[in-house]
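> My questions concern the predicted model and sequence given below.
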Amino acid sequence: MILAALDIGNTHTKFGRFHAGGELQQVWTVETCELPDALIPILDAFPVEESIRLGWMSVGRAEMDPATWTIWSRFSVHRPQWVHIAAGYPFPVIDNRYATPLTLGTDRIVAAIGAYARQRHRLPDSSPVPVLVIDAGTAITYDLITADGAYLGGGISPGLRMRFRALHEFTARLPLIEAVSDPALVGDSTEACIQSGVINGLRAEVRGIIEQYRGRHGANLAVYLTGGDAPYFEELVGENNRIFADDNLTLGGIHFILTQQP
C-alpha cells in the first residue's frame, strides 16, 4: 500500500509520498488554485494497481474535498482510502490538552506531531524529550509536545511581513520595505532602522522564547523550525543546539497519523 499526504494551503499545496519504511520519498509543491489538475502528472507516475491511503488536511479551504475529484479514477483496482484530518480529529498517541480544541489550527498540531515523530525516529533508543515547533509563516506559532506525548499549546505572534506591514499601515510616514537577510544592528537610515528592529527583534524573540521553554521544560528540549521565513533563523540551527530545520513537518505528521490508525 502507498501512503501519501496532501497538505492544502491557501497559496501552495504539498503532496508527499512515503517509502514503506516511513521516510519521505518525494515531495511535490503545486499552486492551490491549480488543483486538482496540477496533481495529474504526479499521479501518472503512481502504479495504478496498488492501493493508496491518503491523509489530507486543508487550511482555510474547507470547501475543498479531494475525495470528490475525478483524478483518482486512474486507480481503478483500488479506490484511495481517505483520512481527513480536521478540527476535533482524535489524534493518535498524542494527548491533546488544548483548552479549545475546535479552535486549534490543524496545521499547528499536525506539524507538532510531525516533529514529535521525527524526534522519535532520529533517536529511537533514547528516552523521549519535549519538542517545540516554531513555524515562521504569516504568523509565528510556537507549539509544544511534552516528553510523554501531551500537546499543551504554545503561542502566536505576528510574522515577519506582518510586522513590516503594521509599521507602515499604523504610522503616517514609515515606508513599507522588504526584508533583508542580514540587517545591521544599528540602522543608519529609516529603512535600515526598520530592518534592524523587525528582523533582529524577531530573532531575539525566537531565541528568548526557546530559552524560556528550556527553562521550564528542560535543557534537552528539541526545537524544530519550519515555515517560509525559517531561513531567517538558520544561525540558530545546529545539532549541538538541539535545533533543527524541517520544511515538511506537516507531511510527516500526516504520515505518522496514517501509520497509527487502523
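Alright, I've got the coordinates. Numbering: from 1, shown residues only.
> What is the three-state secondary structure of the closest residue to G88 other than its chain neighbours?
Spatial nearest neighbour of G88, chain neighbours left out: L102 (5.5 Å); criterion: CB to CB, 6 or more residues apart in numbering. (Each C-beta comes from the backbone N, C-alpha and C, glycine too.) Recorded secondary structure, L102: helix (DSSP: H, G, I helix; E, B strand; the rest coil).
> What does the pLDDT read for L102?
Note on L102: pLDDT of 88.
> Then the one 5 residues further on?
The predicted local confidence for D107 comes out at a pLDDT of 91.
> Just to be sure, it is in a strand?
No: in this structure, D107 is helix, not part of a strand, as judged by three-state DSSP.
> was I right about it contacting M57?
Yes: the criterion here is CB atoms under 8 Å, and D107 meets it with M57 at 6.9 Å.
> that older thread, number of nearby residues for the residue nearest to G88?
8 (other CB atoms under 10 Å).
> try R161
With other CB under 10 Å as criterion, R161 counts 16.
> Which secondary structure state does Y232 sit in?
Taking three-state DSSP, the label given to Y232 is helix.
> gap between it and V198?
Counting by CB to CB, to the nearest Å, the gap from Y232 to V198 is 10 Å.
> Please identify every residue contacting each of those two.
Listed contacts common to Y232 and V198 are 160, 179; contacts here mean CB atoms under 8 Å, 6 or more residues apart in numbering.
> What is the burial count for Q261?
Neighbour number of Q261 under other CB under 10 Å is 13.
> wait, what's in contact with it?
83, 92.
> And for R214, nearest residue in space, chain neighbours not counted?
Closest residue in space to R214, ignoring its immediate chain neighbours: L221 at 4.9 Å, by CB to CB, 6+ apart.
> right, and that neighbour touches V131 too?
Yes: here L221 reaches V131: they are 7.3 Å apart, a contact under CB under 8 Å.
> Name the residue in the two with the higher neighbour count.
The neighbour comparison of L221 against V131 (other CB under 10 Å) goes to V131, with 28 against 20.
> so what's that one up against?
Going by CB under 8 Å, 6+ apart, V131 touches 112, 115-116, 119, 144-145, 221-224.
> How about I94?
109, 112-113, 116, 145, 149-151.
> swap the cut-off to 10 Å and go again
109-110, 112-113, 116-117, 145-146, 149-151, 253, 256-257, 260 (CB atoms under 10 Å, 6 or more residues apart in numbering).
> and which of these is nearest to W72?
Of all the contacts of I94, W72 sits closest to I257, with 20.1 Å by CB to CB.
> Find the nearest non-adjacent residue to L6, please.
Nearest to L6 is W56, by CB to CB, 6+ apart, at 3.9 Å.
> I meant L176, not that one.
Nearest residue to L176 in three dimensions, chain neighbours excluded: H168, at 3.9 Å (CB to CB, 6+ apart).
> what's around that neighbour, how many residues?
Neighbours of H168 using other CB under 10 Å come to 14.
> Report the secondary structure state of it.
Classified using three-state DSSP, H168 is helix.
> what's the distance between it and L221?
36 Å.
> So the residue nearest to L176 sits against E191, correct?
No: H168 lies out of contact with E191 (CB atoms under 10 Å); the separation is 11.3 Å.
> So for the two, which residues contact both of them?
174-175, 177.
> where do the strands sit along the stretch 51-200 of the chain?
In the stretch 51-200 of the chain, the strands defined using DSSP state E, counting those that start in this stretch lie at 52-58, 81-84, 95-96, 131-136, 139-145, 150-158.
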